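Colleague: With the sequence up front, the predicted model follows.
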Amino acid sequence: MRARQPMPLRVLDLTDELAFQGARLLVGLGADVLRTDPGGELDPASRAHWHAGKRWTRVRDQAHLDELAEAADIVLESGAAAELRGVRADGSSRWPHAVHVVVTPFGLTGPRRDWRGGDLVLASAGGMAWLGGQPGGQPEPPPRQQALQAAGAHAALGALLGAVSGTPQLVDISAQEAVAATLETGAIGWIHAGRFPVRSGGVYEHVAHRIFRAADGYVAGGYSGSTRMWTDLLAWMAESGEAEDLTDERYADAALRWRARSHVDAVVERFAARRTVAGLAEQGRARALPWAEVVPPARLPANPQLRDRDFFVRITGDGLPEEGVEDVGFPWAARPRPLALETIREVPSDAPWQHERSRGLPGKQPRGLAGEGRPHGPAGDARVMALSGVRVLDLSWVLAGPYVTKLLGEHGADIIKIESKHRQDPTRFAPSMHLRPGSDPDDSGYFLNFNRNKRSVALNLRTEDGQRLLRELVPHCDVVVENFSPGVLARWGMDYESLRALNPNVILVSMAGLGHTGPWRKAVTFADTLAAMSGLSSETAPPGGAPQGLTFGLGDMVAANAAALGALDLLAQGRGGHVDLSQLEAMAATMGPAVLEPVLTPDLEDPRTAQHPNRSAYAVPHGVYPAAGEDRWIAIAVDDDAQWRSLTKLVDLPGDSDREGGGGGGGGGVDVRRAHEDAIDAALTAWTRGQDAGELAAQLQAAGVPAAVVATGRDLVEEDEHLAARDFYPQLEHPRTGRVRHEGIVARCSVTPGALTSPAPLLGQHTQDVLGGLLGLSDEDLAALRAAGVLE
């Protein structure tokens, strides 16, 4: 196998906030990133965070821009569809020699291609805002622009998919679809059960986890998962005589415990309230239970686990203190750490690139498996996709790992999923995660969505033969994905060095909650505890209020996107390696400039209140307003004076200088509108309350004002004409479920498009095909292994 030329990929960065995160992730992977502006519109903290490690050059005219694009391997562009510089009227790329990734609010096709939107509008249109907030209150998206960061992550994925394929092409990323693919059960609950999650103030619907008040702060924790999560928590409470009636034998029944959750939570709440956050977190780690302190972002640099793993980056340069500033880093330990970056700086237009030109895109590297006669895509699909010919051994379970292999599988990788009834994946076996009433492990709605395009091998890894067969599969695979606790693979003789002895070119993607090194590496984590440790949960609280956390597995999917990027980076280089991904680091890396703000923008005020949780420091109005119907809402965000003038032509609002005799064409800037914000919000509430949210959003968008329905799962699947036109919820025929919708593919590659080719497998459905086809086991061999309990 030959490695990629050492020169980094050249990336021309034409992004706005829609894809800042995509360009930043490519910086973290070592790309040579060149912008055409310095980001001067950003505040100092945001500019340092989003653009450190880049350079910029002045562009004279369109011909000069074309020259820069011609010299790039990847062009990353984002913005409103009507304002793109690199997409022609017919939808083709102006720069067909490159992988041209284009991020727009709603995609390049469909009836809403020209709609506008930032984080609030896109989180609402994609279903993420609906999942946050207090019962009866306004829906609230997750903090720190998670909708835009999801879009950016998929932009980076699209860029590397193009690089791995070696095929110049246009990659269409709809920010709405990136959000809609990051909801966990938000839409698939409707698909499989005819219901969707509702706002619960931070109480998870399908797992018994939430935020609890402690004596001096807040902690995240719970008692779902394996039986030990409950029994060990119960023992902890019983030691101090605080288990109350939970020691009664009936609570050993998980189903009864679930039905009595409100009572169980109340007992746990009283237990937590008597302890400090530090004590709860420390004891949780010592007992291998998923409990963690809810920490604010400013305290992230004090985390000993992050510090031990050299997670943070130091940024130096113009406008910063002499010693530089410390920022959150990147979600990989596959490249040298710690990383030092310079602030973005101008370079001459005649020599803008930092590195010599690589010899075009790296192309798909030979992986040492040629001649095996593998199909082009998964399950014999004949289409050539970006990852056709790549085989992945999937040892993961629940959400984060399966989401990685879902991403790889829908772009052509052959995914061999190892599973067993002896190590039961809750998404297949736990009734609370089936979604569809009366379903069984072979037609769990949750499992179906995240495990399409995979082949299932039933292998009991508690047996020596099961572990032996697993090791024998490694030489036939390019990538191994696992999310075991640190040390498990080593006990099976499958740590990275052992895997390299079996396959020198193997890529191992490990997804432990806190990584494979560091003092807290053995801590047990769930999505809620990772959100608490990362600083994200803290920011779900309005100033002076209590944090509510998140009620869906955002962190799992954030980590999955990062892990997939790490694997694609190594595939593009044509070499093996170990992606030691920490899910905590992946989440902390999405905190934006939160760590920098106390240093660089200490006067930046948070305008949010309990009554107005969606206000922004940069836009007025910026909120979610009631519409006609029960619990129906519309998001409206005005980013500039032109949008404000358009809005005031539709509704009489305080602060409109024209109507108040001020002249000047209206607007006056965000500070002028801020002075009238309470009155503006009250007037908008009165105006929107009696109107249909969908019709009003269309009217506002037609006038150039960003707006969207705050979509539920039903809205996305049944009512959204734009998602329907783009076929975002395609159907697959499942042998137990019949035809059923699935969440679609976000990165739409024009030359090597992905596809949903097969439904999620039945347990062990492909055991004979895989073990016979790859390992040459005969029917007699397989029968003996089944009799010994190995293949179950």
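Modeller: Looks like it came in fine. Numbering: from 1, shown residues only.

Colleague: what are the phi and psi values for Ile211?
Modeller: phi -100, psi 130 (degrees, to the nearest 10).

Colleague: count of residues packed around it?
Modeller: 27 (other Cβ atoms under 10 Å). Where C-beta positions appear, they are placed from N, C-alpha and C, glycine not excepted.

Colleague: cool, the one 4 residues further on as well?
Modeller: Other residues near Ala215 number 12, with proximity taken as other Cβ under 10 Å.

Colleague: what's the helix or strand for the most centrally placed residue in the chain?
Modeller: Centroid-nearest residue in the chain, with Cα atoms, centre = their mean: Val558, separated by 2.8 Å. Per DSSP states H and E: Val558 is located in helix 554-573.

Colleague: Relative to whichever helix or strand comes after that helix, what are the paired strands and their orientations?
Modeller: Next along the chain after helix 554-573, taking DSSP H and E as the criterion, comes strand 577-580. Counting by DSSP bridges, the strands paired with strand 577-580 are strand 507-510 (parallel).

Colleague: helices or strands next to whichever helix or strand comes after the partner strand in the packing?
Modeller: Downstream of strand 507-510, the first helix or strand assigned by DSSP H and E is helix 527-534. With contacts defined as 3 or more Cβ pairs under 8 Å, 6 or more residues apart in numbering; DSSP states H and E, the packing partners of helix 527-534 are strand 209-214, strand 217-222, strand 292-293, helix 554-573, helix 583-588.

Colleague: pLDDT averaged over stretch 257-276 - what is it?
Modeller: Stretch 257-276 shows an average pLDDT of 96 in the prediction.

Colleague: Can you tell me how far Glu282 is from Pro519?
Modeller: Distance, Glu282 to Pro519, by Cβ to Cβ, to the nearest Å: 12 Å.

Colleague: quick one: low-confidence parts of the stretch 251-400 of the chain?
Modeller: Per-residue confidence for the stretch 251-400 of the chain (pLDDT under 70) gives these ranges: 333-338, 357-383.

Colleague: Kindly report the same for the chain.
Modeller: Ranges of the chain meeting pLDDT under 70: 1-6, 333-338, 357-383, 657-667.

Colleague: Provide the backbone phi and psi angles at the residue nearest to Gly118 when sequence neighbours are not counted.
Modeller: The spatial neighbour of Gly118 that comes closest, neighbours along the chain excluded (Cβ to Cβ, 6 or more residues apart in numbering), is Ala637 at 5.7 Å. Taking degrees, to the nearest 10, you get phi -140, psi 120 for the backbone angles of Ala637.

Colleague: ok, now which ones touch Ala637?
Modeller: The contact partners of Ala637, by Cβ atoms under 8 Å, 6 or more residues apart in numbering, come to Gly117, Gly118, Leu120, Val121, Ser616, Ala619, Pro621, His622, Gly623, Pro706, Ala707.

Colleague: re earlier: need the helices and strands packed on helix 527-534 in CSV (columns: distance to Ala273).
Modeller: Listed next are those as CSV, based on distance: least, Cβ to Cβ, whole Å:
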stretch, distance to Ala273
strand 209-214, 6
strand 217-222, 10
strand 292-293, 14
helix 554-573, 25
helix 583-588, 26
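
Colleague: And those: which comes nearest Arg112?
Modeller: With Cβ to Cβ as the criterion, Arg112 lies closest to helix 554-573 of the helices and strands packed on helix 527-534, at 23.7 Å.

Colleague: what angle separates the closest one from helix 527-534?
Modeller: Between helix 554-573 and helix 527-534, the angle comes out at 80 degrees (axes from the mean of the first three to the mean of the last three Cα atoms, to 10 degrees).

Colleague: if we look at the helix or strand harbouring Leu170, which residues are touching it?
Modeller: Using DSSP H and E, Leu170 sits in strand 169-174. Residues from elsewhere that reach strand 169-174 (Cβ under 8 Å, 6+ apart): 19, 87, 91-93, 99-109, 151, 154-155, 158-159, 161-162, 726, 746-752.

Colleague: one more time with 7 Å, if that's ok
Modeller: 92-93, 99-104, 106-108, 151, 154-155, 158, 162, 746-752 (Cβ atoms under 7 Å, 6 or more residues apart in numbering).

Colleague: Next: stretch 187-199.
Modeller: Here stretch 187-199 has contacts from 127, 131-135, 139, 180, 185-186, 205, 435-437, 445-446, 449, 551, 712-714, 716-717, 740-741, 743, using Cβ under 7 Å, 6+ apart.

Colleague: Next, the distance between the ends of that stretch.
Modeller: 14 Å (Cα to Cα, to the nearest Å).

Colleague: Buried by neighbour count: which residues of that stretch qualify?
Modeller: Ala187, Ile188, Gly189, Trp190, Ile191, His192, Ala193, Phe196, Pro197, Arg199 (16 or more other Cβ atoms under 10 Å).
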